[in-house]
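**Q** below are the sequence and a predicted model for it; my questions follow.
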Amino acid sequence: MAEVHREIRLPEPAPGVLFAGKYQVLERLGEGGTSVVFKARDLESGELVAVKIIRPENLENPRVLESFRREAGIASRLDHANVVRVIGSGEQDGLHYLVLEFVGGRPLSELLQLSPRLQLKEFLDLARQVAEALSVVHAAGIVHRDLKPANLIFARDGRLKLMDFGIARLTGETVTLGTARGTPEYMAPEQLVGEAATAYSDVFSAGAVFFEMLTGTQPLRGLSPAKRISNAPPRVRDAAASVPVAVASIVEACLAPDPHKRPSSNVLLEQLRSVNADGVGDDPLPAPPPPPPSEPERTLSHWLQEEPRPVAVVLPVMHRLLQILAKADEGGLVHDPITPGTVRLRGDAEPEIVTRPPLSESDTWMVAAPRYAAPELLGGGSAPDAAGRRSATIYSLGILFYELLAGGRRFRLQLRDVIDKGSDLAWLEWQVDREKRLAPLREVDETIPADISDLFSRMLEKDPAKRLANYRDAEFVIQNTIYRTQATQQFRVPVAAAPRPAARSPWHSHSALIIAGVAVATLLLLLLLRQLM
């Protein structure tokens, strides 16, 4: 007997009809591209709730399902008056749903449409609530990544609440998205180029919202990507001269292009609390100190310098790293993007990278900084398969070790236009232009073995179809080069030897000659005495 497939439909508000056994659906509150939100009553508790349900047409989309699971898992960790509470989640008749606190009000975006410029007292009240919500979220180790007026909603008592944690992430969680996530008008510069969003990125978004609340305009609208990455947004008082200096300074600090120059959410809250109703603030708080280095261990970034690293030191480390990557790839593991900072070096110069099982299908889609990212990753498009991810990593390896072997000075000489612009956007433009490429290594340094130079040219093909396809092929070429040249003593440095040998003083060279001379003279004297006897 043929299986009958029942059509999956969203619930309709109707008397006596329950969803998930206990929610009486009262009305449709709103909808978006992926889900619909209903007002409902929990018949067990008697409370009003909001039920967010994935649209049936999105049930086969793994990204939408992952977003739902993420929102339920992350937001359920939060319990604060300025954060919309997630009560529960589940699946009913094929529909995935979240049950949220019923807020009952309208989003801040609607208020800004009706009243584009808020009065100072109202601004300070709402801005402090936003900062308080962020401080709680960040203290829980969460980065929201999509702070905007539409995600700030008024409760029935007038309190402002932060909602929608669908693309939030936990601090320290590996960023594996192929494209930037968020709303462009409120995104921090680092998010635009695919870097990991941090708590400071949320503060930047808050600054963009504050700017709009005070001036009635969005500070980033109309700015080119290049200007957004390298330049500070417009000044608050240029758009609204009546804004007090103390308030404008707080907002502009949030909008600093450099994340480390922005205040933390806790400092931001203190600054906003220090401003009185007339817009006069206390003495400005000192700028937050930059965060401590996230990588206390030595990494390949410590090897980058003006002069090239010795071939005899670099190739064994590259050979070992290729072995690690090949083993991880064959075991179905994923790893952090390949950059100088993600390849650690143990004390004996043994390379290490972080590998782990994939958390989901989308978790394997990785992007490094544009300087080391493969062109196809920066060009967008769908997530690559395993072969595509391997190919992209080979490109990143190629450009990193090319820089080590060529040396910083000669590497930059080939990329003067990119270096002079000094932005990630310039790197992105260079990477995706297939006509622009690095010179063969042997042209940069004639001492580089020809087969190694050819290997790098194949690794650095911008067209993935022409690029070296797997780690084992590169490993084989390097291994043969090392074995072939051992007879010439060129590769006497083992994999474990990272530091350059200390320079020997002239005394060491002279003493060796003296000892050798004494030995020869002694031998000749013995031969002469033997003949005389």
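**A** Received, thanks. Residues are numbered from 1 along each chain as shown.

**Q** in the chain, which residue is most central in space?
**A** Note on the chain: the residue nearest the mean C-alpha position is residue 196, at 2.2 Å, using C-alpha atoms, centre = their mean.

**Q** roughly how far apart are residue 343 and residue 336?
**A** Separation of residue 343 from residue 336 (C-beta to C-beta, to the nearest Å): 9 Å. Yep, even glycine has a C-beta here, placed from its N, CA and C like the rest.

**Q** go on, residue 323?
**A** The value you get for residue 323 to residue 336, if C-beta to C-beta is used, is 17 Å.

**Q** try residue 445
**A** With C-beta to C-beta as the criterion, residue 445 and residue 336 are 29 Å apart.

**Q** the closest residue to residue 255 other than its chain neighbours is in what secondary structure piece?
**A** Spatially, and ignoring its direct neighbours in sequence, residue 255 is nearest to residue 207 (4.2 Å; C-beta to C-beta, 6 or more residues apart in numbering). Residue 207 belongs to helix 199-215 when assigned by DSSP states H and E.

**Q** check which helices and strands that helix sits against.
**A** helix 108-114, helix 120-139, strand 142-143, helix 189-192, helix 236-239, helix 245-254, helix 265-273 (3 or more C-beta pairs under 8 Å, 6 or more residues apart in numbering; DSSP states H and E).

**Q** deepest of the ones you listed, which one?
**A** Highest mean neighbour count among the helices and strands packed on helix 199-215 (mean count of other C-beta atoms under 10 Å): strand 142-143, with a mean of 24.

**Q** so after that one, what's the next helix or strand?
**A** Scanning forward in sequence from strand 142-143 by DSSP H and E, the next helix or strand is strand 152-155.

**Q** next structured bit after that next one?
**A** Per DSSP H and E, strand 152-155 leads on to strand 160-162 as the next helix or strand towards the C-terminus.

**Q** which pLDDT value goes with the residue nearest to residue 94 when sequence neighbours are not counted?
**A** In space, and not counting its chain neighbours, residue 94 is closest to residue 8: 4.4 Å by C-beta to C-beta, 6+ apart. For residue 8, the pLDDT comes out at 80.

**Q** same check, this time on residue 30
**A** The per-residue pLDDT reported for residue 30 equals 78.

**Q** how many residues are close by it?
**A** Neighbours of residue 30 under the rule other C-beta atoms under 10 Å: 13.

**Q** quick one, what contacts it?
**A** Neighbouring residues of residue 30 by C-beta atoms under 8 Å, 6 or more residues apart in numbering: 36-37.

**Q** same list (the helices and strands packed on helix 199-215) but as TSV, adding mean pLDDT and distance to residue 329.
**A** TSV is the format used below for these (pLDDT from 0 to 100; distance: least, C-beta to C-beta, whole Å):
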stretch	mean pLDDT	distance to residue 329
helix 108-114	90	45
helix 120-139	94	35
strand 142-143	85	29
helix 189-192	79	29
helix 236-239	94	50
helix 245-254	95	42
helix 265-273	95	39
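
**Q** nearest to residue 377, out of the ones you listed?
**A** helix 189-192 (14.9 Å; C-beta to C-beta).

**Q** show me what that closest one is packed up against.
**A** Helix 189-192 packs on helix 199-215, helix 225-230, going by 3+ C-beta pairs under 8 Å, 6+ apart.

**Q** rank these by mean pLDDT and give me the bottom one.
**A** helix 225-230 (a mean of 67).

**Q** the stretch 351-500 of the chain: strands as residue ranges?
**A** For the stretch 351-500 of the chain, the strands defined by DSSP state E, counting those that start in this stretch cover 351-352, 355-356.

**Q** looking at the ones you listed, which is nearest to residue 482?
**A** The nearest among these, by C-beta to C-beta, is strand 351-352 at 15.5 Å.

**Q** so what are the sheet partners of the closest one and their directions?
**A** Applying DSSP bridges to the sheet, strand 351-352 is found paired with strand 344-345 (antiparallel).

**Q** run a quick neighbour tally on residue 372.
**A** 22.

**Q** before we move on, back to that, which residues do residue 343 and residue 336 both contact?
**A** Common neighbours of residue 343 and residue 336, using C-beta under 8 Å, 6+ apart, are residue 353.

**Q** these two: which is more packed in?
**A** Higher neighbour count among residue 343 and residue 336: residue 343, with 24 against 17, using other C-beta under 10 Å.

**Q** how about the more buried one, what does it touch?
**A** Neighbouring residues of residue 343 by C-beta under 8 Å, 6+ apart: 299-300, 321, 351-353, 400.

**Q** gap between whichever strand or helix holds residue 327 and the chain center?
**A** For residue 327, the element it lies in under DSSP H and E is helix 311-330. From the chain centre to the centre of helix 311-330 is a distance of 24 Å (C-alpha atoms, centre = their mean, to the nearest Å).

**Q** could you point out the helix or strand that follows it?
**A** Counting by DSSP H and E, what follows helix 311-330 is strand 334-335.

**Q** hmm, residue 203 and residue 262 touching each other?
**A** Yes: taking contacts as C-beta atoms under 8 Å, residue 262 lies within contact range of residue 203: 4.9 Å.

**Q** worst-scoring helix or strand of this structure, pLDDT-wise?
**A** Of all helical and strand segments in the chain, the minimum by mean pLDDT, DSSP states H and E falls on strand 169-170, at a mean of 49.

**Q** number of nearby residues for residue 465?
**A** If you count neighbours by other C-beta under 10 Å, residue 465 ends up with 7.

**Q** on the pLDDT front, check it for me.
**A** Listed pLDDT for residue 465 reads 92.

**Q** try residue 293
**A** The model reports residue 293 with a pLDDT of 48.

**Q** circling back to that earlier point, distance to residue 307 added to the helices and strands packed on helix 199-215, as a markdown table?
**A** Putting the helices and strands packed on helix 199-215 into a markdown table (distance: least, C-beta to C-beta, whole Å) gives the following:
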| stretch | distance to residue 307 |
| --- | --- |
| helix 108-114 | 55 |
| helix 120-139 | 42 |
| strand 142-143 | 39 |
| helix 189-192 | 31 |
| helix 236-239 | 47 |
| helix 245-254 | 40 |
| helix 265-273 | 42 |
